[in-house]
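Visitor: Build me a model from this:
(2 chains)
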There are 2 protein chains.
Amino acid sequence: MQMQEVKTRGPYAKGVAKREEVRQIALETFARRGYRGATLREIADEAGLTVAGVLHYFDSKEELFTEVLRLRDAAAVEITGPSPRDAAETLIRVVRHNATVPGLVHLYMALAVEGAVEGHPAQDYFQEHFASLSDWIEGEIRELQSDGRIKLQVQPEMLASIFMAAIDGLQLQWLHDPSIDMAERLSCLWNELILSPEQT
Amino acid sequence: MQMQEVKTRGPYAKGVAKREEVRQIALETFARRGYRGATLREIADEAGLTVAGVLHYFDSKEELFTEVLRLRDAAAVEITGPSPRDAAETLIRVVRHNATVPGLVHLYMALAVEGAVEGHPAQDYFQEHFASLSDWIEGEIRELQSDGRIKLQVQPEMLASIFMAAIDGLQLQWLHDPSIDMAERLSCLWNELILSPEQT
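Guide: This is a model prediction of the structure:
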């Protein structure tokens, strides 16, 4: 490597690359081994590091786990296809995909609850997660209301919050009973309860 | 005590009474001190016991905490009034009350996620919780569908699941942002999205 950018060469670059590698391995470990199987020890083994070695790249287990959620969000575009314009349909697809990776659903739910404590490393992630998701869904609802496709005279913020709540609540029910079809139920909420019937 | 029932006298009766007392104290500690403040140590102090003393009455911390949820359910009738006939209105009231006891909401959500692991002491509680809540809401929805108050041709089980999911998901959002009015949003779901408009 002969590149001259100070930030991307030498020990620092190796550190950044290794941190990325550990994060990717952690995500794969959650996906493959499930929530209980993805211990810090297991992740360290997979990465060829000791637990202390892993914690050289992340301040805490909680920080690493939160970074797994960020990486998973970044990968969502691969699940749903590029530039999705329809927030609801995209989220229904994400939820359908989630049913194939229970370990990541469990991690998301566990950090969502733990992260509600002031100062937890996941707190910022969830603040941003809820805010950006809400903005996205609200924007779509506002458009559909002005097109007359949603006739409900309900604040977009309220509908977006209900839709997001259903996603999280269905994931919780599904962790207890994997026979539940989360995507079907979420689709029902959007298509039967929120959208107005098409004029025939 | 001169009662002759073997089960309710002597050391055994004292054990049962003490167990009940610890459970009640644990519930009050969660309500007053919040989720993070209600450590096993704090609960033991409040009960005038050591931690080992508390664990003489419960197999584990998780069992005690699950018993707190059961006690809270039993107390729900005091919150909502006796023999509520309207499931949705009752649950909206419970959620409104929950906004006054964040420690118990946090405990419920934390155990709901932890309890999704096979063999966790809260697993049975949540199986029963989801099943009985679903039955109750489904029954009401079925009645309202036959009365024409709900015109949606959607399976009662599906609507009940969405309503329950919204309760849990809204509680999760609220843990991150206590300015959210959970009861208002849940009421919107029921009254605007599920119930059909009244004929005028």
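
Visitor: The longest helix along chain A: which residues count as buried?
Guide: Counting residues, the longest helix found in chain A (DSSP state H) is helix A:10-37. For helix A:10-37, the neighbour count (16 or more other CB atoms under 10 Å in any protein chain shown) marks A:18-19, A:22-23, A:25-27, A:29-31, A:34-35 as buried. Using the backbone N, CA and C atoms, a C-beta is placed for each residue, glycine as well.

Visitor: and if you look at stretch A:147-157?
Guide: Residues of stretch A:147-157 classed as buried by neighbour count (16+ other CB under 10 Å): A:150, A:152, A:154, A:156-157.

Visitor: Please tabulate the residues you listed in CSV, including the columns pLDDT.
Guide: Formatted as CSV, the buried residues of stretch A:147-157 follow (pLDDT from 0 to 100):
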residue, pLDDT
A:I150, 97
A:L152, 95
A:V154, 97
A:P156, 98
A:E157, 98
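
Visitor: Just the element for the residue sitting nearest the centre point of chain A, please.
Guide: Centroid-nearest residue in chain A: A:D73, 4.8 Å away (criterion: CA atoms, centre = their mean). Secondary structure from DSSP states H and E places A:D73 in helix A:61-80.

Visitor: what angle do that helix and helix A:10-37 make?
Guide: With axes from the mean of the first three to the mean of the last three CA atoms, to 10 degrees applied, the angle from helix A:61-80 to helix A:10-37 works out at 80 degrees.

Visitor: ok, A:R41 - contacts?
Guide: A:V51 (CB atoms under 8 Å, 6 or more residues apart in numbering or on different chains).

Visitor: so how far is chain B from it?
Guide: Distance, A:R41 to chain B, using CB to the nearest CB, to the nearest Å: 18 Å.

Visitor: what pLDDT does that residue get?
Guide: Listed pLDDT for A:R41 reads 97.

Visitor: How about A:A74?
Guide: A:A74 carries a pLDDT score of 89 in this model.

Visitor: ok, it to A:L27 distance?
Guide: Distance, A:A74 to A:L27, using CB to CB, to the nearest Å: 10 Å.

Visitor: okay, now A:E138: neighbour count?
Guide: By other CB atoms under 10 Å in any protein chain shown, 19 other residues sit near A:E138.

Visitor: Surely it is in contact with A:A160?
Guide: Yes. At 4.6 Å, A:E138 counts as touching A:A160 under the criterion of CB atoms under 8 Å.

Visitor: picking that back up, quick one: check the longest helix of chain A for contact with chain B.
Guide: Yes. Counting by CB under 8 Å from any CB of the partner chain, chain B is contacted by helix A:10-37 at A:35-36.

Visitor: That helix - what's its average pLDDT?
Guide: pLDDT averaged over helix A:10-37 gives 92.

Visitor: hmm, back to that, I'd like the distance between the residue nearest to the centre of chain A and B:G169.
Guide: 18 Å.

Visitor: Kindly report the same for A:E63.
Guide: Note on A:E63: its distance to B:G169, by CB to CB, is 25 Å.

Visitor: helix or strand for A:P178, which one?
Guide: Here A:P178 is covered by no helix or strand, with elements defined by DSSP H and E.

Visitor: Quick one: residues contacting the residue nearest to the centre of chain A.
Guide: By CB under 8 Å, 6+ apart, the contact list for A:D73 reads A:H129.

Visitor: Could you do A:E184 as well?
Guide: Taking CB under 8 Å, 6+ apart as the criterion, A:E184 is in contact with B:M158.

Visitor: Now name the helix or strand holding it.
Guide: Counting by DSSP H and E, A:E184 is part of helix A:182-188.

Visitor: Give the buried residues for that helix.
Guide: Neighbour-count burial for helix A:182-188 [16+ other CB under 10 Å]: A:182-183, A:185-188.

Visitor: Export only the CA atoms of it, formatted as CSV.
Guide: Extracted in CSV, the C-alpha atoms of helix A:182-188 (Å, rounded to 0.1, in the frame of the first residue of the first chain):
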residue,chain,number,x,y,z
MET,A,182,-45.0,-10.7,10.9
ALA,A,183,-44.9,-9.4,7.4
GLU,A,184,-48.5,-10.5,6.7
ARG,A,185,-49.7,-8.7,9.8
LEU,A,186,-47.8,-5.5,9.1
SER,A,187,-49.1,-5.6,5.6
CYS,A,188,-52.6,-5.9,6.9
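
Visitor: on that earlier part again, reformat the buried residues of helix A:182-188 as TSV; add pLDDT and distance to B:E67.
Guide: Converted to TSV, these look like this (pLDDT from 0 to 100; distance: CB to CB, whole Å):
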residue	pLDDT	distance to B:E67
A:M182	98	30
A:A183	98	35
A:R185	98	31
A:L186	98	33
A:S187	98	38
A:C188	98	35
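
Visitor: Which residues of chain A lie near chain B?
Guide: Residues of chain A lying close to chain B by CB under 8 Å from any CB are A:35-36, A:106, A:109-110, A:112-117, A:123, A:126-127, A:130, A:152, A:154, A:158, A:161-162, A:164-170, A:172-173, A:175-177, A:180, A:184-185, A:188-189, A:192-194.

Visitor: ok, back up a step: tell me which of A:E63 and B:G169 has more neighbours.
Guide: Taking other CB under 10 Å, A:E63 and B:G169 do not tie; B:G169 has more neighbours (25 against 15).

Visitor: now the strand or helix carrying that one, how far from the centre of its chain.
Guide: For B:G169, the element it lies in under DSSP H and E is helix B:156-176. Remark: helix B:156-176 is offset 13 Å from the chain centroid, using CA atoms, centre = their mean, to the nearest Å.

Visitor: Which neighbouring elements make contact with it?
Guide: Under the contact criterion of 3 or more CB pairs under 8 Å, 6 or more residues apart in numbering or on different chains; DSSP states H and E, helix B:156-176 touches helix A:102-114, helix A:123-146, helix A:156-176, helix A:182-188, helix B:87-98, helix B:102-114, helix B:123-146, helix B:182-188.

Visitor: Would you tell me which of those gets closest to A:G53?
Guide: Nearest to A:G53 among the helices and strands packed on helix B:156-176 is helix A:102-114; the distance by CB to CB comes to 21.3 Å.

Visitor: For the nearest residue to A:L133 once chain neighbours are set aside, list the residues it contacts.
Guide: Nearest non-adjacent residue to A:L133, counting by CB to CB, 6 or more residues apart in numbering or on different chains: A:M164, 5.7 Å away. Residues in contact with A:M164 (CB under 8 Å, 6+ apart) are A:130, A:133-134, A:137, B:169, B:173.
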